[in-house]
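In: need a structure here:
(2 chains)
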Amino acid sequence: MVLNILIGIGVALFGFILQTSVAGVNRKIIARVQKRYGPRWYQEFLDIFKLLSKRSVTHGWIFDFGVIMALGGIIATAMFMPITSTILAFQNYDNFFIFVYLLAVGMLGMAMSASGSGNPFASIGVMRALTTMLAYEVPFMIIVLTIINLSGTSSLSGIALYQQATGNNIFLIALPLGGIVAVLSLMGMLGKKPFETYIAPAEIASGPMVEYGGKQLGMLFIMHEITVFIEVSLFVHLFLGGATNIFEFLIKYFLTYTAVNLISNVNGRLKIDQVVVFFYKWPLFLAIIQAVIAIYFGWVI
Amino acid sequence: MASIEFLILFLVAAGLISYLLTKANSFLGSVFTIFAVFFVFVSLAAYGFNMTLSTDVLLLPGFSFELTYLGVYFVMIISFVYLMVSFFHPYFVDSYKYKNAYNMLFLLSLAAVLGTFFTDSFLQLFFFFELIVWTTMFLIPLGKSKSAAVMYYGFSAAGSLSMLFGILIMHQLVGSFNIADGLSALTGTNAVIVFISFLIAGFSKLGVFPLHVWLPVAHGNAPHPFSPVLSGALVKLGAFVLVLALIKISPVSFTVEAIGLPFANYITAILGGLSIVFGTLMAIREDDAKKLLAYSSMSHGGYILVAFSLMDSVAFAGGFYHILAHALASAGAFMAIAAVARMTGTTKMKELGGIIHKMPITYIVYLVAIISMAGIPPMGGFISKWLIFQALINKGMIFVAMAAFFGSIGSFLYVFRPLAALFLGQELPQFKKTVKEAPILMLIPMAIITLASLYTGILHNDVIQFINKILLEIGYPVITSSAFSLTGYNGMLNPGLIALVFGIGVLIAFIIFILLKKSRKVGLMDTYTAGNFIHTEELLHYSADFYAPLERLYEKYTTKMTDFYEGLANKVKELGRFAKYLFMSKLVEVGIFWMMVILAFLLWGEI
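Out: Take a look at the predicted model:
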């Protein structure tokens, strides 16, 4: 049991280091796309450690407690995440729903802390973040319902193994409409343009994060990196067939994140009500069509 | 040895005593109420769980009782909520006009609850059902509004009369009021009629679409300590009637092949899905914290309805678990709101703010309650939702699952609103001096209910084992569960492990936090305002119309149902006026004319 927990903590740490590096590399890539030189690949690490070392201000106990709960909830979620079907802290318990709902604890902690700061910009950011969540989560869940119904398991490593079995395509190909929906939902989850309304730096002073500085902001940065790790890994396991070894995982992870980042950088930003209307129009429609033809008719490529 | 009859009679007698005691001294009467409920709860817990509660009838001729696991489960939950809420009475009854009646009716309604669940006769079920309606109907107007009571009674009466109709049909078939005989004798058209009439009764009590209109009005306007009872306990009566209808009656209908479910059950599941969606959408835009929680009860009623429609062990277990989890969460949340309302005198979210600095324990109670309500681990609501999702996914019910997912994500949105508006945000100046933490006697039940929420979320096995007994009793296979794992159709869950890992995560985060440099404390007004100088707290407190951009998308459709019922009420009134115009004329000739017509009609064929 202690070993499993240590493996879990290792996965969370791995996720943090991986995502922070990948994000750094991506800053470089995006800079080249925009014909800039860009920062060094380890710039994100420097940012985080600088923030952690600075003195900061606090707005009362809930402001700090929320940050601790946010980071704690996210670390706990990451501890359940499989890397490959063997590098996995808790065999059989990597249930999809744990990720969706345990992730919400972290989100709730952050929302609580942000609202506790007493800054209306933060509250607006929280409102937008939750509204965005309502938008992208439902189409995504319907596609995952289809996947679980087809593969007969809701364990992430189980779903990955199902796709690796001979005769089965990865779900991005097996469920093409669902794949489109999943990519759009992933962009919403990661807060990439055009769905980055809740951060909206120029508009609401970086949203929920407006009041933070120093170690609180540093911890929220760590939380953000691990959250991205969880979301991208979810996509890798659910739609790209997981990984048989760690290098395959790294490649799939890097390609997914970079692809989403590149798509997002040629987009503008939607208004928050446009985000909701968008997700409840085409992605939801496609998700339902995909679920109906896959579950009721059994048409899977 | 305690018998059911004794407990009921005890509660009736205690009700009368508390009436007199409260008249003399309201504090004494309320404390007596606490002890009376405590005695009943302890007797039920001691004898109910191992089924040794006696069903003998010595003093009440014509009554008969029956002890079932199903009844015990419901009664334990409801009496627990009653016990917890009774601790609030000493602080609230003084503000009500008929404070002695308040305590008496409270105890009487608990007596009626015992009678409802521990009976084997339909007539008795109806009698106690009506007793609950009548006692609670007089409790609700003690809050603010009389029309709320009228609305509550209207819908409840429609439900109970519809149930009576079904009962009479069964009586005609078998010649007795026995529940088991009556339900098993149903075939053909009769089954369909009784099924529908029981569904109407269940819907109207549970407050699910389309009979949900009374829920926010009654919950929102009921006395503050009675709202937790209404939402946490009494609404569950509807679930009991639904269990009777959906599990024990199988009306003739074709099977929907794709999901392997009878059409009638599919329709009820869809209705459950609709109430999840509508409840969520209405809750998101509600400004009164109690009405918001009432709409969330409607949405959770939808989950219960969906669970019991699926004809499946895992779903039933999820439904039963959800009844418990929601009772605890909803009672906890309503009690926290009641504690705030006692201090501030309002439950409107736009008038409140920053209470957390004065009422931190109430805040924690509310936080745990909403975590359970939103179905986030490590609370009970997660396990029940997980079980329901398992069944939904296994059956491949896309549209109902869509509603369920929508409701569970939407619940993050609406439960966060009172959290942000009441407790967080700027500390408004009018509450800085006057508000202080709730008294210890109110904190005790809130703490207990919080721990109970946590308990159901971590140690699921005790509850699941009891639910397994219910499942056997109603003739369904049990679900697999051990102390550390719970098995659904497509995966396993270990609630204890999740709680442990969550604890470890928080511990790591706490260590990181504590190791770093200490932060400097600044005031709430010392915030980034983009260069504007703002000196009043209200202007920096964002709580009214929290989800305005989202609300704008659907707000023009929100009054459709209330408009429909208002229209219906107007039509009934018009019909009444028309009848009055026809029959109640002042002219004698008209009266004589109608008498003749009726006489002629009655004698039709005789002459």
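In: Run the chain-centre distance for the helix or strand hosting A:I226.
Out: Assigned by DSSP states H and E, A:I226 belongs to helix A:214-239. In terms of Cα atoms, centre = their mean, to the nearest Å, the gap separating the centre of helix A:214-239 from the centre of its chain is 6 Å.
In: can it be found next to chain B?
Out: Yes: when contact is scored as Cβ under 8 Å from any Cβ of the partner chain, part of helix A:214-239 falls within range of chain B: A:G214, A:K215, A:Q216, A:G218, A:M219. Where you see a C-beta, it was placed from the backbone N, CA and C, and this is true even at glycine.
In: tally of neighbours for the first one?
Out: A count of neighbours around A:G214, defined by other Cβ atoms under 10 Å in any protein chain shown, yields 20.
In: Rounded mean pLDDT for stretch B:73-93, please.
Out: Averaged across stretch B:73-93, pLDDT comes to 88.
In: brain fart, stretch B:534-550
Out: This predicted structure assigns stretch B:534-550 an average pLDDT of 81.
In: one step back: show me what counts as buried in the helix holding A:I226.
Out: Taking 16 or more other Cβ atoms under 10 Å in any protein chain shown as the neighbour-count basis, helix A:214-239 is seen to contain the buried residues A:214-239.
In: now the residues of helix A:214-239 next to chain B in TSV, with distance to A:Y37 and pLDDT?
Out: Output for the residues of helix A:214-239 next to chain B, formatted as TSV (distance: Cβ to Cβ, whole Å; pLDDT from 0 to 100):
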residue	distance to A:Y37	pLDDT
A:G214	29	84
A:K215	30	88
A:Q216	31	89
A:G218	26	91
A:M219	30	91
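In: Relative to B:G345, which of these is nearest.
Out: For B:G345, the closest of those turns out to be A:Q216, at 35.0 Å, with distances computed as Cβ to Cβ.
In: Find the nearest non-adjacent residue to that closest one, please.
Out: Leaving aside its chain neighbours, A:Q216 sits nearest to A:V67 (4.9 Å; criterion: Cβ to Cβ, 6 or more residues apart in numbering or on different chains).
In: name the helices or strands packed onto the strand or helix carrying that neighbour?
Out: Counting by DSSP H and E, the element that carries A:V67 is helix A:61-79. When contacts are defined as 3 or more Cβ pairs under 8 Å, 6 or more residues apart in numbering or on different chains; DSSP states H and E, helix A:61-79 sits against helix A:2-33, helix A:96-116, helix A:214-239, helix B:495-515.
In: Give me the angle between that helix and helix A:214-239.
Out: With axes from the mean of the first three to the mean of the last three Cα atoms, to 10 degrees applied, the angle from helix A:61-79 to helix A:214-239 works out at 30 degrees.
In: So for helix A:61-79, what gets flagged as buried?
Out: By neighbour count on 16+ other Cβ under 10 Å, the buried set for helix A:61-79 is A:62-79.
In: In chain B, where is pLDDT below threshold?
Out: B:1, B:143-144, B:606-607 (pLDDT under 70).
In: Show me it divided up by domain.
Out: Under automatic domain parsing, the residue ranges defining each domain of chain B are B:144-504, B:571-607.
In: Which among the ones you listed is found nearest to chain A?
Out: Nearest to chain A, of all the domains of chain B, is domain B:144-504, at 3.9 Å by Cβ to the nearest Cβ.
In: Now for the closest residue in space to B:F546 that isn't next to it in sequence: which residues touch it?
Out: Ranked by Cβ to Cβ, 6+ apart and with sequence neighbours excluded, the top spatial neighbour of B:F546 is B:R417, at 5.3 Å. B:R417 makes contact with B:I284, B:L292, B:M349, B:S543, B:F546, B:Y547 under the criterion Cβ atoms under 8 Å, 6 or more residues apart in numbering or on different chains.
In: buried subset of the residues you listed?
Out: Neighbour counting by 16+ other Cβ under 10 Å classes B:I284, B:L292, B:M349, B:S543, B:F546, B:Y547 among those as buried.
In: phi, psi of the fourth one?
Out: Recorded main-chain torsions at B:S543 are phi -140, psi -30, according to degrees, to the nearest 10.
In: what two of the contacts of B:R417 are the furthest from one another?
Out: Of all pairs drawn from the contacts of B:R417, the widest gap by Cβ to Cβ lies between B:I284 and B:S543 and measures 13.8 Å.
In: circling back: I'd like the helices and strands packed on helix A:61-79 laid out as TSV, including distance to B:L139.
Out: Formatted as TSV, the helices and strands packed on helix A:61-79 follow (distance: least, Cβ to Cβ, whole Å):
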stretch	distance to B:L139
helix A:2-33	50
helix A:96-116	34
helix A:214-239	46
helix B:495-515	36
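In: looking at the ones you listed, which is closest to B:L424?
Out: Among the helices and strands packed on helix A:61-79, the nearest to B:L424 by Cβ to Cβ is helix A:96-116 (4.0 Å).
In: Return that closest one as CSV; C-alpha atoms alone will do.
Out: Output of helix A:96-116 as CSV, limited to C-alpha atoms (Å, rounded to 0.1, in the frame of the first residue of the first chain):
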residue,chain,number,x,y,z
PHE,A,96,-12.8,7.4,-15.3
PHE,A,97,-15.4,9.0,-13.0
ILE,A,98,-12.7,9.4,-10.3
PHE,A,99,-10.8,11.7,-12.6
VAL,A,100,-13.9,13.8,-13.6
TYR,A,101,-15.1,14.2,-10.0
LEU,A,102,-11.9,14.4,-8.1
LEU,A,103,-10.7,17.0,-10.5
ALA,A,104,-13.7,18.9,-9.5
VAL,A,105,-12.5,19.1,-5.9
GLY,A,106,-9.4,20.9,-7.0
MET,A,107,-11.6,23.2,-9.2
LEU,A,108,-13.9,23.9,-6.2
GLY,A,109,-10.9,24.7,-4.0
MET,A,110,-9.6,27.2,-6.5
ALA,A,111,-13.0,28.7,-7.0
MET,A,112,-13.5,29.0,-3.2
SER,A,113,-10.1,30.6,-2.8
ALA,A,114,-10.6,33.0,-5.6
SER,A,115,-14.0,34.1,-4.4
GLY,A,116,-12.6,34.4,-0.9
